[in-house]
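K.L.:
I'd like to go over a predicted model; first the sequence, then the structure.
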Amino acid sequence: MKITRIEWCGYRIPFKSHYVTSNGRAEYRYGLLLRLQTDDGITGVGEASPVGAGDEQEVAQIHQEMLSLSPVLLNARIDGEPALHSISSSLSSASAPVRFSIESALYDLLGKAQRRTVVAILGGTPRPVAVNALIATDSPKQAARYAQEAVAAGFTTLKIKVGAPRLEDDIRLLAAVRQEAGPQITIRIDANQAWNVKQAIKAITTLERFGLEYVEQPVLARYIRGLAEVRVAVSTPIAADEALSSTSDAQRLIQSQAADIFIIKAARIGLLEALEILALARKAGKAVIVTSSLEAGVGIAASLHLAALLPETSPACGLATGPLLESDLLIDHLVLSHGLLLFPNGHGLGVVLDEEALRRYSIGITGSVSA
């Protein structure tokens, strides 16, 4: 089959409540959805959304990338994984969100053509994936309420955004969550690079009283040595997120012994490179957690196929972010049940876009190119 048309559309979806991290707060999630159509009448979908909440300028930049990459995609043949990998290798100059979207859409096309799921093509089996509930607020009262709702819904792992200007505020936040959640619930925290090494060691040592599974990205991503220093100085395992954007980053983290856990965000890495990092992590004995980047349903679905490649005993993944948004832009929403993200039915990625919702949340950044 041959790609004969490429379409994309930017979106802006409100968060149900302000999304709060150490980097600030956001009211909307900005992103872009991609469609690749073939001469066989098959459509593959992917999502090219900035990491984090994003903004309209970032979506406009992705739009320009799509325009420049269209000649590479138009008339390309997708007859199997080798062809898909060949196309991907020609996208080395593209940003990670764009590569993620194109690779996801190509696998979606291939899966639909072969009547298989993407995870099956990658050598895995469709299965529910354990996920954490995400709490991103600076209000202890609100955090406690979110924790209560998450536990009642069957979540056994909670991820809390920390890194407030005052450590006392993080203490109050975690105290409220732990009191509401109880001692059996697993709590992990994410500082989003908020601290320097000295601050990180103090904060983690102080917050360990709340029983932490791990601490995610306590220091600046570029400061691998500092991350290693923190890891040695504290008892709680350290996870690398922003510090992990490529296979080279993964190798540096392994060589520096800077992290116990690898957080894989395909939107920051690209789908195929994420698979390479997964292999490196397995060889190095590192635990892996696949998380979203706050995408709508298409991006989360692609990451779910990646997460299903992990051992079933892996820690909970960070893919339960869809409910943070007013819409996931899908006809059939991805289903959360008792702390599990269920696999969608269908071939390829298994999702279908809600055209009405896409029109409603469109920001007018659109494009299409035909052969």
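P.N.:
Cool, the structure landed.

K.L.:
Could I get the full set of strands for the stretch 251-371 of the chain?
P.N.:
For the stretch 251-371 of the chain, applying DSSP state E, counting those that start in this stretch gives strands covering 261-265, 287-291, 336-337, 340-341, 362-370.

K.L.:
Sketch out the low-pLDDT regions of this protein for me.
P.N.:
Along the chain, segments meeting pLDDT under 70 span 22.

K.L.:
Check the secondary structure at the nearest residue to Leu280 once chain neighbours are set aside for me.
P.N.:
The shortest distance from Leu280 to any non-neighbouring residue, by CB to CB, 6 or more residues apart in numbering, is to Ala250 (4.9 Å). (Each C-beta comes from the backbone N, C-alpha and C, glycine too.) Three-state call for Ala250 (DSSP: H, G, I helix; E, B strand; the rest coil): helix.

K.L.:
can I assume Leu34 is in contact with Ser101?
P.N.:
Yes: between Leu34 and Ser101 a contact is recorded at 4.5 Å, counting by CB atoms under 8 Å.

K.L.:
burial count for the residue nearest to Leu280?
P.N.:
Neighbourhood size, Ala250 [other CB atoms under 10 Å]: 26.

K.L.:
moving C-terminal of the strand or helix carrying Leu84, what's the next helix or strand?
P.N.:
Leu84 is part of helix 81-89, with elements assigned from DSSP states H and E. Using DSSP H and E, the helix or strand that follows helix 81-89 in sequence is helix 96-114.

K.L.:
Just send the strands of the stretch 251-371 of the chain back as CSV, with mean neighbour count and distance to Ala94 too.
P.N.:
Compiled in CSV, the strands of the stretch 251-371 of the chain are given as follows (neighbours: other CB atoms under 10 Å; distance: least, CB to CB, whole Å):
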stretch, mean neighbour count, distance to Ala94
strand 261-265, 24, 16
strand 287-291, 24, 21
strand 336-337, 14, 32
strand 340-341, 20, 28
strand 362-370, 14, 15
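
K.L.:
and Ala83, which of those is closest to it?
P.N.:
strand 362-370 (19.6 Å; CB to CB).

K.L.:
pull the CA atoms of stretch 247-254 into PDB?
P.N.:
Extracted in PDB, the C-alpha atoms of stretch 247-254 (Å, rounded to 0.1, in the frame of the first residue of the first chain):
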ATOM      1  CA  THR A 247      19.500   6.100  23.300                       C
ATOM      2  CA  SER A 248      22.700   8.200  24.000                       C
ATOM      3  CA  ASP A 249      21.000   9.600  27.200                       C
ATOM      4  CA  ALA A 250      20.100   6.000  28.200                       C
ATOM      5  CA  GLN A 251      23.700   4.900  27.800                       C
ATOM      6  CA  ARG A 252      25.000   7.900  29.800                       C
ATOM      7  CA  LEU A 253      22.600   7.200  32.600                       C
ATOM      8  CA  ILE A 254      23.600   3.500  32.700                       C
END
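
K.L.:
care to break the protein down by domain?
P.N.:
Split into domains by automatic domain parsing, the chain comes to 3-117+351-370, 129-341.

K.L.:
Let's have these in a markdown table, adding distance to Gly123.
P.N.:
Below are the domains of the chain laid out as a markdown table (distance: least, CB to CB, whole Å):
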| stretch | distance to Gly123 |
| --- | --- |
| domain 3-117+351-370 | 11 |
| domain 129-341 | 7 |
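
K.L.:
From Ser70, how far off is Gly52?
P.N.:
Counting by CB to CB, to the nearest Å, the gap from Gly52 to Ser70 is 26 Å.

K.L.:
sorry, back to before: and the strands of the stretch 251-371 of the chain: which comes nearest Leu220?
P.N.:
Among the strands of the stretch 251-371 of the chain, strand 261-265 sits nearest to Leu220 (CB to CB), with 15.4 Å.

K.L.:
Could you pull out the helices in the stretch 51-200 of the chain for me?
P.N.:
56-73, 81-89, 96-114, 118-121, 140-152, 167-181, 197-207 (DSSP state H, counting those that start in this stretch).

K.L.:
Kindly check the end-to-end length of stretch 82-95 for me.
P.N.:
By CA to CA, to the nearest Å, the extent of stretch 82-95 from end to end equals 22 Å.

K.L.:
do the same with stretch 121-140
P.N.:
Per CA to CA, stretch 121-140 runs 44 Å from first to last residue.

K.L.:
burial measure for the residue lying closest to His338 once chain neighbours are set aside, as a count.
P.N.:
In this structure, His338 finds its nearest non-sequential neighbour in Gly154, 3.2 Å apart by CB to CB, 6+ apart. By the criterion of other CB under 10 Å, Gly154 has 12 neighbours.

K.L.:
From the rest of the structure, what touches the helix holding Leu84?
P.N.:
72-73, 76-78, 99, 102-103, 106-107, 110, 121, 270, 272 (CB atoms under 8 Å, 6 or more residues apart in numbering).

K.L.:
Off-centre distance for it?
P.N.:
23 Å (CA atoms, centre = their mean, to the nearest Å).

K.L.:
go on, stretch 173-185?
P.N.:
On CA atoms, centre = their mean, the centre of stretch 173-185 falls 25 Å from that of its chain.

K.L.:
Please spell out which residues along that stretch are buried.
P.N.:
Leu173, Leu174, Ala175, Ala176, Val177, Arg178, Glu180, Ala181, Ile185 (16 or more other CB atoms under 10 Å).

K.L.:
Distance-wise, check Arg231 relative to Ser256.
P.N.:
9 Å.

K.L.:
Comparing the two, which residue is more hemmed in?
P.N.:
For Arg231 versus Ser256, the count of surrounding residues by other CB under 10 Å is larger for Arg231: 22 against 14.
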